[in-house]
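J.: The following comprises the amino acid sequence and a computationally predicted model.
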Amino acid sequence: MKYILSGFFAGVILSLLIFQGVSASELHAGFYLDLSGLENMPLADSKADKDFYVLPYQDKVYLMSGEGLPVKRVETSELLSEFSGNGRYYIQYGKVGTSIELLGYTGERYWKMKSREKPLLSWSGRLILLLIGDHSRIRIFDTDGNPAGAQQISGRLCTSVEFSELKDYASCGFADGTYFFINEKGDVINRGELPSGNMVKTTAISSNGRYGVVHYGTEEKDGIRIIDIAENSIEESDLTTCHKMKAAICVTGSGETSILDGEVFIVFDDDADIEMNIKIPPKRPGQAAITKMKGYWFLAYTKISGESQLYIISEDGEPFYGREFAGESYLDATVRDGAVVVRGSDSFFSYKLHVPGN
């Protein structure tokens, strides 16, 4: 199935609550928070929350509940911090320090090791990657601070390190065209190399670890490679835009892959055939996000004109919701527990999506 829908999003700003008569799906406003008042908010009880939203703001990192309330403040003015996706673990390290330290969100210290490397944590912190200063090597550790799985991978100039949503898989790529996919134990479950002259620009891996994606290219042309990790098979397709930096990509557990490709939103199936091709207002290089929930794609990005945009599109290619945020310099969106949570430069808010029978 292939959709070519030209320009239907241009200028579309819908209301805060939308009901689609055909599907009867409903989008409701959840919470809204102006970040300027975050410092003065009292801390909420964290016992009811299993996971948290990680919200960096000014010289602190706030761990937020599912209701949009702060439950923990972590000072970051003197030390740098990297958090796991669920906010329950973080590593602190100095800007010019010689050691890194893993802590729990309550402040409990687990271990400390000598290292000048940049730490990166997976969703639940089961996988910890340490990127060396010249970006040529990544060491692999577990939560206990022990070398894990392959222990290290290497290449020339790391260009992409990404973790799966809600799980502990990782994808990594290098400017020399090599790429790696890693499971929660630190094992390399797939690796490959691009044709000569191509560099890895973006990588992604599905939450079930079944599919990996490599966005690659040169200074003139880009392509996308979809890898069935279990079968070790590769499918490829050209892109319409040559990206100067990494792109927003999402890959589902069935291999369905989406990308914001300049002026179009493209969805490929697991054979790299186009399922959907929708024209959108051109995206500005920089922060953007794509995710999928309950049969709907969520797009958050900044337009060339400077305004940030949130779009929701059904998997049938129908526009469901669109809102422009003139005051936000960027938007980032994640999906968790039946809600899409959006972080802007000045605000933090969520929507709840209800789909009949789901």
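T.: Nice, I can see it. Numbering: from 1, shown residues only.
J.: quick one, strands of the stretch 201-350 of the chain?
T.: For the stretch 201-350 of the chain, the strands defined by DSSP state E, counting those that start in this stretch cover 211-217, 222-228, 233-238, 249-251, 257-261, 264-268, 274-279, 283-293, 296-303, 308-314, 319-325, 331-336, 339-344, 347-354.
J.: Tabulate those (TSV), appending mean pLDDT.
T.: Listed next are these as TSV, based on pLDDT from 0 to 100:
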stretch	mean pLDDT
strand 211-217	98
strand 222-228	98
strand 233-238	98
strand 249-251	97
strand 257-261	96
strand 264-268	97
strand 274-279	95
strand 283-293	89
strand 296-303	94
strand 308-314	93
strand 319-325	92
strand 331-336	88
strand 339-344	92
strand 347-354	92
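J.: Could you say which one of those comes nearest to G87?
T.: G87 lies closest to strand 331-336 among the strands of the stretch 201-350 of the chain, at 11.2 Å (C-beta to C-beta). Bear in mind the C-beta positions are built from the backbone N, C-alpha and C, glycine included.
J.: Run me through the strand neighbours of the closest one, direction for each.
T.: Sheet pairing of strand 331-336 (DSSP bridges) gives strand 339-344 (antiparallel).
J.: contact partners of the strand it pairs with?
T.: Strand 339-344 has contacts (C-beta atoms under 8 Å, 6 or more residues apart in numbering) with 30, 53, 55, 66, 291, 293, 298, 300, 308, 310, 312, 325, 327-335, 348-353.
J.: Got a ChimeraX select line for the buried ones in these?
T.: A single ChimeraX command selects the buried members of the contacts of strand 339-344 (16 or more other C-beta atoms under 10 Å):
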select :30,53,55,66,291,293,298,300,308,310,312,325,328,330,331,332,333,334,335,348,349,350,351,353
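J.: Tabulate the strands of the stretch 201-350 of the chain in CSV, adding columns for distance to S77.
T.: Output for those, formatted as CSV (distance: least, C-beta to C-beta, whole Å):
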stretch, distance to S77
strand 211-217, 35
strand 222-228, 39
strand 233-238, 45
strand 249-251, 33
strand 257-261, 34
strand 264-268, 39
strand 274-279, 43
strand 283-293, 23
strand 296-303, 27
strand 308-314, 27
strand 319-325, 28
strand 331-336, 22
strand 339-344, 20
strand 347-354, 21
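J.: So which of those is nearest I153?
T.: Closest of the strands of the stretch 201-350 of the chain to I153 is strand 211-217, at 14.0 Å (criterion: C-beta to C-beta).
J.: Show me what that closest one is in contact with.
T.: Applying C-beta under 8 Å, 6+ apart, the contact partners of strand 211-217 are 171, 173, 177, 179, 181, 190, 192, 194, 198-206, 222-229, 239, 242-243, 246-247, 249, 251-255, 257, 259, 270.
J.: Next, the angle from that strand to strand 222-228.
T.: Here the directions of strand 211-217 and strand 222-228 differ by 160 degrees (axes from the mean of the first three to the mean of the last three C-alpha atoms, to 10 degrees).
J.: Neighbouring strands - and their directions - for strand 211-217?
T.: Sheet pairing here is set by DSSP bridges, and for strand 211-217 it gives strand 199-205 (antiparallel), strand 222-228 (antiparallel).
J.: What about A247, how many residues nearby?
T.: A247 is flanked by 22 other residues according to other C-beta atoms under 10 Å.
J.: wait, isn't it in contact with T203?
T.: No - counting by C-beta atoms under 8 Å, A247 does not reach T203; the two are 10.6 Å apart.
J.: Show me the shaky parts of this structure.
T.: Counting by pLDDT under 70, the chain shows low-confidence ranges at 1-23, 48-49, 357-358.
J.: Within the helices and strands, which one has V61?
T.: Per DSSP states H and E, V61 falls inside strand 60-64.
J.: coming back round to it: can you say which of the strands of the stretch 201-350 of the chain is nearest to K95?
T.: The minimum distance between K95 and the strands of the stretch 201-350 of the chain falls on strand 283-293, with 22.7 Å, by C-beta to C-beta.
J.: Relative to the whole chain's centre, how far out is that closest one?
T.: 8 Å (C-alpha atoms, centre = their mean, to the nearest Å).
J.: Starting from that strand, tell me which strands it pairs with and how they run.
T.: Each strand paired with strand 283-293, and its direction, by DSSP bridges: strand 296-303 (antiparallel).
J.: Export the partner strand to PDB, keeping only CA atoms.
T.: Extracted in PDB, the C-alpha atoms of strand 296-303 (Å, rounded to 0.1, in the frame of the first residue of the first chain):
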ATOM      1  CA  TYR A 296      -0.600   6.100  15.000                       C
ATOM      2  CA  TRP A 297       2.700   7.800  14.100                       C
ATOM      3  CA  PHE A 298       3.800  10.800  16.200                       C
ATOM      4  CA  LEU A 299       6.100  13.400  14.600                       C
ATOM      5  CA  ALA A 300       7.800  16.200  16.500                       C
ATOM      6  CA  TYR A 301      10.200  18.600  14.700                       C
ATOM      7  CA  THR A 302      11.100  22.200  14.000                       C
ATOM      8  CA  LYS A 303      10.200  23.700  10.700                       C
END
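J.: quick one, that strand and strand 257-261 angle?
T.: Going by the same axes, to 10 degrees, strand 296-303 makes 20 degrees with strand 257-261.
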